[in-house]
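In: predicted model follows, preceded by the sequence.
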Amino acid sequence: MKDRSTEVTLKISSDMQFLPLAMSFAEAAAKTFGLEKTDALKLTLACEETFAYICAISKEARPLVMEATNNLYYVQVQFLFNATSFDPRAFNLTAQVSPDDEKGLDEIGLIIASRSVERFQIFHGPEGIGLVLIKEKSYPPMLEIRSPESKPLKDFTIITPDPGTLKLLSGQIVRSYPERFYPQDFGLPGKLADMVASGEYGAAVAVGKEGGTGGGIIWRQLREKMVEVFGPYLFDQPSPSSMAERLINTVIEGLAKTDRLFLVIMHATPELPVGYFEPLGTIDVFRTDPSPMTITVYCRQLKEDPGSAVWAHPDLEDFLKKEYRRLYFARHIKPTVNAGEARPEHSVFAARFVKAQSAATLNAIWDGIDAPDNLEHHIRTLKDEGMMNIFFEIDLAYAWQANLTPVLLQKGFIPRVILPYAGDGDIVLFQYREGP
Amino acid sequence: MFVVPLNRLVPDYIKKFEAYIPSKPDPELMKLYGCDRLYRLNNNENPLGPPPKAQEIIRCFPPPRAGLYPSGDSYYMRQRLAEAYGMDPDQFLFGNGANEVIAFVIKAFCQEGDNIVTTDKTFAVYEWVATFSGFEAKLVPLRDFGFDDQGMLDAIDERTKILFVCNPNNPTGTYWNEARLRNFLDAIAGRQIIVIDEAYCEFVEKDDYPDGMKLIGEYPNLVIFRTFSKMFGLAGLRIGYLVGNLEVVDVIRRTCVVYSVNTVAQDAALAAIDDVDHIYRTRELINTEKGYLKKELEGLKLEMQIGEGCFIMVKLPMSDTLAYRKFMTEGVMIRSMTGFRFPNWIRVSIGKHEAMEAFIAALKKILPA
C-alpha cells in the first residue's frame, strides 16, 4: 500500500475575512483534484460551513491550516488548529453555533457541514483539533457485468493486479457474490481501480498461465495498527482449493514485518480458510431491511501477544473476563470507578460517520460530568440524521474512558466486540441496541 | 518543555521501521498467563546450558574483575581460534553476540543506494539491520524451504554489496552442501561479500555439510559468522564472532565496536570451545528428542519441517499467533512464525524430554477438535 496522494496547504487564521479565500481554496482544490462540478460545489459549501463555524466559536482569530488532499477516489479537506483558544464543547457534533441566537438553536453547526460529504470526522491529536471532510468522486455504475468466464485453475500464481485486471475483478465479485460479501464501492470498476491506485487499498489476484483470474483479495489500513481484509473471492474454482489459503498468505506475509498488529474481516466469504482467523464477536448491521444482519468480526494477530493491562469499570468486568478467557488474551484487569474526584464539567465526544453504511462511531475526547446528557444529544442527533448503526468505542488504556461504561449501558449501548490493541490499548466496541 | 520535532529529525526509513519487542521476563509472563511454570521453547537455546568448564568459570568469577574493562578485542579468544583453525588472530572479530557482527559488516560495505540480498524466510536480523540503516534488503523467496541460489544470483544488481546465507537455515533447518556453496561462490567470483551464517553448524552431522572456515583461503570475499549462544549455551552472555580474509576483516574492523564483549563471556567461551563431549551430549539429546517429536507429530497428522539445528517447524490447523496464546496458558512458549512470513507454522526449540512432553501435551489440548 503506497501513498500516492498529493496535497496542497493553506495557512490562514480563524477570521471571517478569510472566508472567500478558504472557499476559493477548497473549490480550486476540489476541481483540480478531479471532482465533478456538483461534487466540488458540495465540498466547497461544506468547507464554508466548517470555516464559518470555527470562526464563530473562536474567541479570537487563531492560526488555522487547511489541507486539501487528492486520494484519487476522493478529495479530503482537513481543518487543523490548536484547540487552546476554543471552548472544547464546540467540538461535540451536537454543539450549536450560538445558544443565544434563535436561528442557531435550529441548526447544529457541524452536522450541517457533514451533510454534503460522504465521510466526516472530528479528531484530537498531539498537533491539535482536526475536522475532516471527505467528498468521494462520482463513478459510472457497471452497466453490465462484463468479465470473462472463470475457469478452474490447476496452476496459478499470485500477482498484484493492474488497473484493467482490477476492473474485471470488480465484475467477477459482483457476478459471483451477494452484496453482503463486499462493500458497495467494489461494484464500481473505476472506483475499485482508483482505490487501489490511491495506495489506501491493496489487492492481489490469482492468475492462471493464460492470464485468467481465478480469485482475488483486497485489503486496506483501517486504523494505525489494523488492516481490514475483504474476501478471499474465488470464481468457479474447485472445492477444496489452495487458492484461498495462498491469497490469505500473500496478505499476511506482506504485512508480517510491518508495524501492523492485526487483520480483521467483516465481510468473510464462505471461502475464508479454516484456521486463519478467530471470531472476535458479532455486530448487527441495520440497513433498510426490517431485520438487522448479524455479522461476525474475525481477527488475526500478526505478532505474538505480549499481554497487557486494561482498565475496567465493574459493570464491564464480567464481559471482559469472559471474552478475554474465550479469546486467550492475557490481560491484567485494573478496576476503576468514579469515586467523587473532581471532573471537568463538560465532556467532548468525537464522531466519524460513513453515510454509505449509515454508520456513526463515537469516541470520547474529554471526560465530563455532562457525559450522560451529551451522549443523549448525540444519539438523538445521529438518529435524526438517519444513522441506523451507532457505535461507541472506549479505549481501555484510559481509566476515565472505562468509567463511561455505566453511562453507555444506561443509554442503551451494549458491549459487542473487543478489538485488541486497536487504540492505545484494547478498544471495546459498544453498539446502540435499539437500531434505527 | 521543548517539543522534539521528531517528524523532521527521524529519517523516513526509521519512521517505517517496526521495533522488535522482546518477550517479557518469565515471572511477568507466568503472572499474565496464569501458569505456574514456563518451558521456553522459542529461542533455540541449548537445553544442557554451557559446558561444565564454562559453568565453573561463571561460578568462580571474581567480583572485583567486574570493575575492570574486558579485553577490548577478545584477545585470547582470537589467539585460541587462530591456533585451532590455522589462521591469523586478526582474521577474527568478536561482537556482543553474532547479531552485532551483522551490523559491522553492513556498515563496513554499504552506503546510500546499496542493497543486500538474502531470503524472505530466514533469521530476520540481516533484513532488519539493512532496513533500519537505510539500505534495501532484497528478499528472494525460499525454494522448497531452502535458500534459492539461482534466485539470489538473479537478484544481484550493480548496487548489491553483501549476500547473506544462513547455513543451516533458521528456521527451516535446510543447508547447502559443499558443492552447492562452491558453485555459488564461483558464480559470484568475488564481486560481492558473501556472509555464511553458521550459528547452528555444530549441530550438523552430515558429511556433505561444508565447513566455511576451510573455504576462506580460496574465497577472500567469504565471511563466516559463528556464535557461542547455541551449541555452547552462552546465549545469556552474548558472544559471537566473524572470520574472513585478512584484508576484508581489516575493513570490517573499522566499524567494529570494541569492548562490547564482557570478561565473563570471553573467559567462559574460552573454556567452552574445547569441550567436544558437550557437543556429543547435546547432539544426542537433540536427535533423541527430534525423534520423539517426529513420532508424536506424525501421530497427530501434522505437517512438519525437520532439518538440521536444535529446532523444528510444525504447521498447525490454526493461527500460529492464537496457538502462541493458547500454548502460553499451558506454560509452553513457542515461536509463532507469522513474523518469519510462515503463517500458521510454529518453531519449537528442542528441550529436555520433560519439556518436549509438555509441548506435546499442550499441543494435543489446544488443537481444534
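Out: Nice, thanks for sending it over.
In: got the phi/psi numbers for residue B:359?
Out: phi -60, psi -50 (degrees, to the nearest 10).
In: and residue B:16, by the same measure?
Out: For residue B:16, the backbone dihedrals are phi -80, psi -10 (criterion: degrees, to the nearest 10).
In: wait, what's in contact with it?
Out: Shown in contact with residue B:16 (CB atoms under 8 Å, 6 or more residues apart in numbering or on different chains): no residues. For glycine as for every other residue, the C-beta is placed from the backbone atoms N, C-alpha and C.
In: can you give me the pLDDT of it?
Out: Per-residue pLDDT puts residue B:16 at 81.
In: repeat that for the one 5 residues further on.
Out: What the model reports as pLDDT for residue B:21 is 82.
In: ok, for it, nearest residue in space, not its chain neighbours?
Out: residue A:306 (6.2 Å; CB to CB, 6 or more residues apart in numbering or on different chains).
In: okay, now the one you found: neighbour count?
Out: Residues lying near residue A:306 (other CB atoms under 10 Å in any protein chain shown) number 14.
In: and for residue B:362, the neighbour number?
Out: By other CB under 10 Å, the residues close to residue B:362 number 20.
In: scratch that, residue B:197
Out: 29.
In: that one bridge partners, please.
Out: residue B:166, residue B:225 (DSSP bridges).
In: list the contacts for residue B:279?
Out: Contacts of residue B:279 (CB under 8 Å, 6+ apart): B:202, B:231.
In: look at the residue nearest to residue B:21 and tell me its secondary structure.
Out: coil (DSSP: H, G, I helix; E, B strand; the rest coil).
In: quick check: it vs residue B:23, distance?
Out: With distances taken as CB to CB, to the nearest Å, residue A:306 is found 7 Å from residue B:23.
In: where does chain B have low pLDDT?
Out: Counting by pLDDT under 70, the ranges of chain B that qualify are B:1.
In: again, only using 90
Out: B:1-7, B:12, B:15-23, B:98, B:274, B:368-369 (pLDDT under 90).
In: settle this for me: residue A:51 is touching residue A:22, isn't it.
Out: Yes: the pair residue A:51 and residue A:22 qualifies as a contact (CB atoms under 8 Å) at a distance of 4.6 Å.
In: give me the common contacts of those two.
Out: By CB under 8 Å, 6+ apart, residue A:51 and residue A:22 have these common neighbours: residue A:66.
In: chain B contacts on chain A?
Out: Within chain A, the residues that sit near chain B (CB under 8 Å from any CB of the partner chain) are A:248-249, A:252-253, A:256-259, A:274-278, A:300-307, A:327-332.
In: out of these, list just those in helices.
Out: Among these, the residues falling in helices (DSSP state H) are A:248-249, A:252-253, A:327.
In: from those residues, which is closest to residue B:119?
Out: Comparing these against residue B:119 with CB to CB places residue A:253 closest, at 12.5 Å.
In: quick one on the thing from earlier: now the ones in helices among the residues of chain A next to chain B in TSV, with pLDDT?
Out: Below are these laid out as TSV (pLDDT from 0 to 100):
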residue	pLDDT
A:248	97
A:249	96
A:252	96
A:253	94
A:327	95
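In: quick one: which of these has the most company?
Out: Neighbour-wise, those (other CB under 10 Å) top out at residue A:248, 25 neighbours.
In: next up, the contacts around that one.
Out: A:217, A:229, A:232, A:272-273, A:276, B:343.
In: just those residues now: which is nearest residue A:408?
Out: Using CB to CB, those come closest to residue A:408 at residue A:229, 28.7 Å.
In: now do the helix or strand hosting the closest one: which elements does it pack against?
Out: Element membership for residue A:229, per DSSP states H and E: strand A:226-234. For strand A:226-234, the elements it packs on are helix A:163-176, strand A:213-221, helix A:243-255, strand A:262-268, judged by 3 or more CB pairs under 8 Å, 6 or more residues apart in numbering or on different chains; DSSP states H and E.
In: at 7 Å instead, please
Out: For strand A:226-234, the packing partners by 3 or more CB pairs under 7 Å, 6 or more residues apart in numbering or on different chains; DSSP states H and E come out as strand A:213-221, helix A:243-255, strand A:262-268.
In: and among these, the most buried is which?
Out: Comparing the helices and strands packed on strand A:226-234 by mean neighbour count (mean count of other CB atoms under 10 Å in any protein chain shown), strand A:213-221 ranks first with a mean of 24.
In: partner strands of it, with direction?
Out: Short version: by DSSP bridges, strand A:213-221 pairs with strand A:201-207 (antiparallel), strand A:226-234 (antiparallel).
In: need the winner for burial among the ones you listed.
Out: Scoring those by mean count of other CB under 10 Å, the most buried comes out as strand A:226-234, with a mean of 24.
In: what angle separates it from helix A:163-176?
Out: Computed by axes from the mean of the first three to the mean of the last three CA atoms, to 10 degrees, the angle separating strand A:226-234 from helix A:163-176 equals 70 degrees.
In: contacts for strand A:226-234, please.
Out: A:173, A:176-177, A:182, A:214-222, A:241, A:243-244, A:247-248, A:251, A:255, A:260-267, A:269, A:271-272, A:422 (CB atoms under 7 Å, 6 or more residues apart in numbering or on different chains).
In: next, residue A:415: secondary structure please.
Out: Residue A:415 ends up strand, using three-state DSSP.
In: so it touches residue A:428, yeah?
Out: Yes: judged on CB atoms under 7 Å, residue A:415 makes contact with residue A:428 at a distance of 5.3 Å.
In: which residues do the two both contact?
Out: residue A:316.
In: so which of these two has more stuff around it?
Out: Using other CB under 10 Å, the more surrounded residue of residue A:415 and residue A:428 is residue A:428, with 28 against 20.
In: what's the most distant pair in the ones in helices among the residues of chain A next to chain B?
Out: Taking CB to CB, no two of those sit farther apart than A:253 and A:327, at 23.9 Å.
In: pretty sure residue A:365 sits in a strand.
Out: Yes: applying three-state DSSP, one finds residue A:365 inside a strand.
In: ok, it - contacts?
Out: A:124, A:348-350.
In: of these, closest to chain B?
Out: Chain B lies nearest to residue A:124 out of these, by CB to the nearest CB, at 16.6 Å.
In: any idea how far residue B:270 is from the closest one?
Out: Distance of residue A:124 to residue B:270, given as CB to CB: 59 Å.
In: so which of the two has more stuff around it?
Out: The neighbour count for residue A:124 versus residue B:270, taken as other CB under 10 Å, is higher for residue B:270 (19 against 16).
In: before we move on, the earlier item: might one say that the residue nearest to residue B:21 is in contact with residue B:20?
Out: No: using CB under 7 Å, residue A:306 is not in contact with residue B:20; the gap is 11.5 Å.
In: give me the lowest-pLDDT entry from the contacts of residue A:365.
Out: Scanning those for pLDDT, the low point is residue A:124. It has 74.
In: no further queries at this time; thank you.
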